[in-house]
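J.: what follows is a protein structure lacking sequence information:
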Ligand SMILES: [Zn+2]
Ligand SMILES: [Zn+2]
């Protein structure tokens, strides 16, 4: 009897508690969002959010609440759900979700405007060559073939038109500035021209420039086209809309270069950011005993042999000196030493080839006819040879200790990809080192407000975890490779906060003061 009564009381208490929590949550939600003026709420909306890596620099770094995020890939959306429990996650195609994103914001912000809207569409950009092809096919009356990904900026622009944020930020590959897309009217138009045509009439002033994130203190090299729009009257007055949105040098709306310029900080080097990490080896020690993230893929003997003889900053393709006899004048096509016949430490493959008896030309087995006209008879002997792998001299290359890392890509674990070798150990960079170089984690000597807050735990809509809750090295490398570094995002958005006179005091960016610069530019 007593036991049953206790159970009833406990259940009702639980119910009451959960009601109270929901109520407090609503009150908190309301209080949490700060009003800047009659029409603006201090918050951000993110689209093409990836795993929310860039949002770390906004929400945790700049303390701007990200009220919603949109991401197509389920496990990336799951990372946002896990790391930002207060952010509403829209999972799917932005063309279908744009209205929901707008409605959610209107409801949550009580029809006021968000302070910031961020989009990082996975556009491919276009070489000037591609622009020429499009024009040429137009000239002969054909419909040009275009990469649909380049059009993903269009639904983003619609959201800006509807919500009218004080600021918007568009992050793209560099080449985006000369990219032509089919616009909403089915006409060809340069992307930046499209932004101006649609957003200038709404009061925006827009500037676009290429920023190398290592100039902002990020320990790796990454160039992106950063386009910033603002509709705050006092700023628009000082920096009016221009027809040519692309600027050759960063505009006053862009963050100030703090690194790699004379009189400021030098670029952050690999040595500073990962020099303290314990030794690993891709044959004998692929994971650290204490840190499961400090792990690397295993190499085969071939890769190991090539890379162990490759000096810092060099590529295995240049290993023309023989390990056995020291003979140094081997040619770049040689796979064995011309002097003693030993194998050279260069990337090699076995190929099946035959030699044309008429002209002595060497052909792959798959080719049955020589260009001289000779047809290979079936019974003719095919020999197995070794050849230097065809590849760019940026692959099988070691990085340099005293430079920033090269661009982190989704392939950061693959030595045959561009610039992936550790400066001196026989391995690629570990997952932990990628996190340090990405600026998601702080290396010794720096202090990020988002340090160690982010977890690679991805949660499905129904609450189930991807990968049983364990991180996968592949996921980390991919998500980092496709994301804007948190420090870069923090510096870019911090710049907007500095420029915005409605934001005061402790919320202003820390570190490099931009006040003096602002005075110089705006007064
Ligand atoms: Zn030799
Ligand atoms: Zn021939």
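T.: Sure thing, it's come through. The structure displayed is predicted, hence computed values, not measured ones. Numbers count the residues shown, from 1 in each chain. Ligands and ions are numbered 1, 2, ... in the order given.

J.: distance of the nearest residue to residue 94 once chain neighbours are set aside relative to residue 360?
T.: Once flanking residues are discounted, residue 94 sits nearest to residue 155: 4.7 Å by Cβ to Cβ, 6 or more residues apart in numbering. Heads up, the C-betas are built off the backbone N, CA and C, glycines and all. Residue 155 sits 60 Å away from residue 360, going by Cβ to Cβ, to the nearest Å.

J.: these two: who's more crowded?
T.: Comparing residue 155 with residue 360 by other Cβ atoms under 10 Å, the one with more neighbours is residue 155, at 21 against 9.

J.: quick check: phi and psi at the more buried one.
T.: phi -60, psi -30 (degrees, to the nearest 10).

J.: give me the contact list for the host helix or strand of residue 194.
T.: Residue 194 is part of helix 191-199, with elements assigned from DSSP states H and E. If you take Cβ atoms under 8 Å, 6 or more residues apart in numbering as the criterion, helix 191-199 is touched by 123, 150, 153-154, 157, 160-161, 170, 176-177, 179-181, 183, 189, 206, 208, 227, 229, 241, 243, 245-246.

J.: after that helix, next one along is what?
T.: By DSSP H and E, the next helix or strand past helix 191-199 is strand 205-212.

J.: and that next one, what's buried?
T.: Applying a neighbour-count criterion of 16 or more other Cβ atoms under 10 Å, one finds 205-212 buried in strand 205-212.

J.: still on that earlier bit, got the contact list for the residue nearest to residue 94?
T.: If you count contacts by Cβ under 8 Å, 6+ apart, then residue 155 has 94-95, 98 around it.

J.: before we move on, the earlier item: tell me the buried residues within the contacts of helix 191-199.
T.: 123, 150, 153-154, 157, 160, 170, 176-177, 179-181, 183, 206, 208, 227, 229, 241, 245-246.

J.: so which of those residues sit within helices?
T.: Counting by DSSP state H, the buried ones among the contacts of helix 191-199 place 153-154, 157, 160 in helices.

J.: distance to ligand 2 added to those, as a markdown table?
T.: Below are these laid out as a markdown table (distance: Cβ to the ion, whole Å):
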| residue | distance to ligand 2 |
| --- | --- |
| 153 | 52 |
| 154 | 54 |
| 157 | 58 |
| 160 | 62 |
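
J.: so which of the residues you listed comes closest to residue 111?
T.: residue 160 (16.1 Å; Cβ to Cβ).

J.: so the nearest residue to that closest one once chain neighbours are set aside bridges to which residues?
T.: Nearest non-adjacent residue to residue 160, counting by Cβ to Cβ, 6+ apart: residue 168, 5.2 Å away. Residue 168 has the following beta-bridge partners by DSSP bridges: residue 117, residue 229.

J.: next, find the distance separating residue 168 from ligand 1.
T.: 62 Å (Cβ to the ion, to the nearest Å).

J.: residues contacting that residue?
T.: 116-119, 160, 204, 228-229.

J.: related to what we said a few turns ago, which of the buried residues of strand 205-212 sits closest to residue 233?
T.: Nearest member of the buried residues of strand 205-212 to residue 233, counting by Cβ to Cβ, is residue 205, at 10.1 Å.

J.: now do the strands in the protein.
T.: 34-37, 40-47, 66-71, 88-91, 113-119, 167-173, 180-182, 188-190, 205-212, 223-230, 348-355, 362-364, 383-388 (DSSP state E).

J.: so can I have CSV of these showing mean pLDDT and distance to residue 299?
T.: Output for those, formatted as CSV (pLDDT from 0 to 100; distance: least, Cβ to Cβ, whole Å):
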stretch, mean pLDDT, distance to residue 299
strand 34-37, 93, 52
strand 40-47, 97, 38
strand 66-71, 97, 33
strand 88-91, 97, 37
strand 113-119, 98, 39
strand 167-173, 95, 31
strand 180-182, 90, 42
strand 188-190, 91, 45
strand 205-212, 97, 31
strand 223-230, 97, 30
strand 348-355, 92, 15
strand 362-364, 90, 27
strand 383-388, 91, 18
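
J.: adding distance to residue 438, write those strands out as TSV.
T.: TSV is the format used below for these (distance: least, Cβ to Cβ, whole Å):
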stretch	distance to residue 438
strand 34-37	29
strand 40-47	17
strand 66-71	18
strand 88-91	22
strand 113-119	18
strand 167-173	15
strand 180-182	30
strand 188-190	31
strand 205-212	15
strand 223-230	14
strand 348-355	33
strand 362-364	41
strand 383-388	33
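
J.: for the spatially closest residue to residue 330 that is not a sequence neighbour, grab the count of nearby residues.
T.: Among residues not flanking residue 330 along the chain, residue 320 sits closest, at 4.3 Å (Cβ to Cβ, 6+ apart). Residues lying near residue 320 (other Cβ under 10 Å) number 17.

J.: so which bits of the stretch 201-350 of the chain are right by ligand 2?
T.: By Cβ under 5 Å from the ion, no part of the stretch 201-350 of the chain sits against ligand 2.

J.: contact partners for the residue in the stretch 401-523 of the chain that ligand 2 sits nearest to?
T.: Minimum separation of the stretch 401-523 of the chain from ligand 2 (Cβ to the ion) falls at residue 416, amounting to 32.1 Å. Shown in contact with residue 416 (Cβ under 8 Å, 6+ apart): 347, 389, 391, 395-396.

J.: by neighbours, which of those residues wins?
T.: Neighbour-wise, those (other Cβ under 10 Å) top out at residue 396, 28 neighbours.

J.: and the closest residue in space to it that isn't next to it in sequence, what pLDDT?
T.: Residue nearest to residue 396 in three dimensions, not counting chain neighbours: residue 316, with 3.9 Å by Cβ to Cβ, 6+ apart. Predicted confidence (pLDDT) for residue 316: 97.

J.: same question for residue 108.
T.: pLDDT at residue 108 comes out at 95.

J.: spatially nearest residue to it (excluding sequence neighbours)?
T.: residue 67 (5.7 Å).

J.: mind checking how far that neighbour is from residue 109?
T.: With Cβ to Cβ as the criterion, residue 67 and residue 109 are 8 Å apart.

J.: still on that earlier bit, how about the contacts made by the residue nearest to residue 396?
T.: 306-307, 309-310, 345-347, 396-397.

J.: columns distance to residue 355 and pLDDT on top of these, output as a markdown table?
T.: Formatted as a markdown table, the contacts of residue 316 follow (distance: Cβ to Cβ, whole Å; pLDDT from 0 to 100):
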| residue | distance to residue 355 | pLDDT |
| --- | --- | --- |
| 306 | 27 | 96 |
| 307 | 32 | 97 |
| 309 | 31 | 97 |
| 310 | 32 | 97 |
| 345 | 27 | 97 |
| 346 | 23 | 95 |
| 347 | 24 | 95 |
| 396 | 29 | 95 |
| 397 | 33 | 96 |
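
J.: now, which of those lie within helices?
T.: 306-307.

J.: nearest to ligand 1, out of the contacts of residue 316: which one, please.
T.: residue 345 (11.6 Å).

J.: tell me the contacts of the residue nearest to that closest one when sequence neighbours are not counted?
T.: With sequence-adjacent residues excluded and distances taken as Cβ to Cβ, 6+ apart, residue 345 is closest to residue 309, at 4.0 Å. By Cβ under 8 Å, 6+ apart, residue 309 lies in contact with 316, 319, 323, 345.

J.: next one: the third one from ligand 2, what distance?
T.: Distance, residue 323 to ligand 2, using Cβ to the ion: 36 Å.

J.: and that residue, how close does it get to residue 398?
T.: 17 Å.

J.: sketch out the low-pLDDT regions of the stretch 301-450 of the chain for me.
T.: Of all residues in the stretch 301-450 of the chain, none has pLDDT under 70.

J.: gap between residue 337 and residue 345?
T.: Taking Cβ to Cβ, one finds residue 337 at 11 Å from residue 345.

J.: quick one on the thing from earlier: out of the contacts of residue 168, who's nearest ligand 2?
T.: Nearest to ligand 2 among those, with distances taken as Cβ to the ion, is residue 119, at 56.0 Å.

J.: all set, thanks.
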